[in-house]
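S.K.: Compute the structure for the input listed below.
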Amino acid sequence: MSSSCAHGSNAGNESQRAEDASIAKSLSRIKHKLLVMSGKGGVGKSSLAVNLAAGLSLKGYKVGLMDVDLHGPSIPRMLGLLQQTPLQQRNGIFPIPVNDHLKVISVEVLMPDKDSPTIWRGPLKIGVIRQFIADVIWGDLDFLIIDSPPGTGDEPLTVAQTIPGAQAVIVTTPQEISLSDVRKSINFCRQVDMPIMGLVENMSGYICPHCGQESAIFKKDGGKQTAVSMKVPFLGSIPFDIQLMEKGDQGQAYLLNNPAPVVKEALDGIIEKIITTANQSQKEVLQPLMEVLPLMKATNVISDNVKIAIPMAEGTLCNHFGHCEQFALIDLQGKNIIQKVMVTPPPHEPGLLPRWLGEKGVDLIIAGGMGQRAVSLFNERGIKVLTGAPQLNVEELIAHYVNQTLITGDNVCDH
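M.R.: All right, here's what the predicted structure looks like:
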């Protein structure tokens, strides 16, 4: 391979690493990520995504709504945002605000001609979805709702691979043809290891606009029975109200514009289940962190004083633990940084870093990737290790750690 090709390859790798770092940094500020998906079109998936986002925002949660239905985006039309353009700055794109607690991004608001088709193959679609996370300035969010196109193609697969911890909300109608496809969506989630928050049965009945009574237009409870047979949680049923369609055509979120009481009650019940499940999932993610301090006290760490080591490169956490440029050594007392020292590690040799950091009195290591042998050597010295941390700077990592919001992913091993 020529030197020019190698240089191009290195430049591509650097760009990929930079984007990965931006994605990790953006996701670290988002507590809960929900992918709204369906096995087939026409089941009201986008309507549900819009109303979940609107309902959560009404409860005071900070919510982002990301439309990754790149070939058939509908979120901007349903929220009356077609004539709005996101504010772009050098450091990224700001999503369009709907209210004080809800903001939206979609490829449709970035297209000069709203009726132009997006004729894109897989790699381009994957790149756009990654940019929606890396380059959009979401800020701190309680929930990111992701509206995916029907089926199990590039878009939901990219979300599963790019957003660790994302959970699926699967939408169906009671018809057997829809239920058959939704079973494929459930099996897709299981194959890509995406947790399923639950199944929603949409259009479970028809609300008469004259008398307000509900009538079954498809068979009854098909979604609930599928959830039971496939062993996934059932979040609830939503009756069909013609106003939901009309308000969507008018660019109004249904829940934000005088919804029918029976539909509002159904949506509120689903939203409450989502909040409860999301909070429980967060506790399960944070539980290992909750166990760290008691374990460190067992190794004779005095009071709440903790010394933390973080491998660094170019100002952020380095994924390659054994080959980092420097270590940040942080003396922590309670939630306060007492001292921060940057030290250069000795030349990389097997087994050297555990001894070297042990001699410096380190109690805890926050790392991206680390070989299992190294983890065992640190543990033998009474040094706890947290792996899979995002590529943030020291202050951000420590702030997340002390506030118990540091979400760690897979151990990105560098061996």
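
S.K.: residues of stretch 147-164 that come out buried?
M.R.: Neighbour-count burial for stretch 147-164 flags 147-152, 154-160, 162-164 (criterion: 16 or more other Cβ atoms under 10 Å). Using the backbone N, CA and C atoms, a C-beta is placed for each residue, glycine as well.

S.K.: go on, stretch 319-331?
M.R.: Asn319, His320, Phe321, Gly322, Cys324, Gln326, Phe327, Ala328, Leu329, Ile330.

S.K.: So among the buried residues of stretch 147-164, where is pLDDT lowest?
M.R.: Across the buried residues of stretch 147-164, the smallest pLDDT goes to Thr152, namely 80.

S.K.: picking that back up, in strands, which of the buried residues of stretch 147-164 fall?
M.R.: Asp147 (DSSP state E).

S.K.: Could you identify the most distant pair in the buried residues of stretch 147-164?
M.R.: Pro150 and Pro164 (23.9 Å; Cβ to Cβ).

S.K.: Pull the contacting residues for the residue nearest to Leu82 when sequence neighbours are not counted.
M.R.: Counting by Cβ to Cβ, 6 or more residues apart in numbering, Leu82 lies nearest to Pro76, which is 5.1 Å off, once chain neighbours are set aside. Contacts of Pro76 were listed using Cβ atoms under 8 Å, 6 or more residues apart in numbering, and they are Asp67, Leu82, Gln84, Ile96, Val104, Ser106, Glu108, Val109.

S.K.: gap between Pro76 and Leu235?
M.R.: In this view, Pro76 and Leu235 are 26 Å apart by Cβ to Cβ, to the nearest Å.

S.K.: same thing with Leu27?
M.R.: 24 Å.

S.K.: Outline the domain layout of the chain.
M.R.: The chain breaks down into these domains under automatic domain parsing: 3-287, 292-402.

S.K.: ok now the last one, how far from the chain's centre?
M.R.: Relative to its parent chain, domain 292-402 has a centroid offset of 26 Å by Cα atoms, centre = their mean, to the nearest Å.

S.K.: sorry, back to before: out of the buried residues of stretch 319-331, flag the one nearest to Pro311.
M.R.: Cys324 (3.5 Å).

S.K.: For the residue nearest to the closest one when sequence neighbours are not counted, what is the enclosing helix or strand?
M.R.: Nearest-residue entry for Cys324: Pro311, 3.5 Å, with adjacent residues in sequence omitted and distances by Cβ to Cβ, 6+ apart. According to DSSP states H and E, Pro311 maps onto strand 305-313.

S.K.: ok, then the element right after that strand?
M.R.: Immediately after strand 305-313, counting by DSSP H and E, sits strand 316-317.

S.K.: which stretches of the stretch 1-150 of the chain form strands?
M.R.: 30-38, 63-67, 88-89, 92-93, 96-99, 102-106, 141-147 (DSSP state E, counting those that start in this stretch).

S.K.: what's the spacing between the longest one and its chain's center?
M.R.: Looking back up the chat, that one is strand 30-38. The answer for strand 30-38 is 6 Å, by Cα atoms, centre = their mean.

S.K.: ok, now the fourth one?
M.R.: Strand 92-93 has its average C-alpha position 18 Å from the chain's average C-alpha position, going by Cα atoms, centre = their mean.

S.K.: Quick one: list the elements packing against that strand.
M.R.: Under the contact criterion of 3 or more Cβ pairs under 8 Å, 6 or more residues apart in numbering; DSSP states H and E, strand 92-93 touches no helix or strand at all.

S.K.: if we can go back for a sec, nearest to Trp138, of the buried residues of stretch 319-331?
M.R.: Checking these one by one against Trp138 (Cβ to Cβ), the nearest turns out to be Asn319, at 22.5 Å.

S.K.: That closest one reaches Gln391, doesn't it?
M.R.: Yes: using Cβ atoms under 8 Å, Asn319 makes contact with Gln391 at a distance of 6.8 Å.

S.K.: any common contacting residues for those two?
M.R.: In contact with both Asn319 and Gln391: Gly368, using Cβ under 8 Å, 6+ apart.

S.K.: Now do the top strand by length along the chain and strand 30-38, the angle between them.
M.R.: Criterion DSSP E: the longest strand present in the chain is strand 196-207. Relative orientation of strand 196-207 with respect to strand 30-38: 50 degrees, computed using axes from the mean of the first three to the mean of the last three Cα atoms, to 10 degrees.

S.K.: Strand partners (parallel or antiparallel) of strand 196-207?
M.R.: Strand 196-207 pairs in its sheet with strand 167-172 (parallel), strand 214-215 (antiparallel), strand 234-240 (parallel), by DSSP bridges.

S.K.: Quick one: residues in contact with the first one.
M.R.: Applying Cβ under 8 Å, 6+ apart, the contact partners of strand 167-172 are 32-39, 43-45, 48, 52, 178-179, 181-182, 185-186, 189, 194-202, 222-223, 226, 232, 235, 274, 277-278, 281.

S.K.: Which elements pack onto the helix or strand Ile398 falls within?
M.R.: Following DSSP H and E, one finds Ile398 within helix 394-402. The contact analysis (3+ Cβ pairs under 8 Å, 6+ apart) places helix 394-402 against strand 305-313, strand 326-333, strand 336-343.
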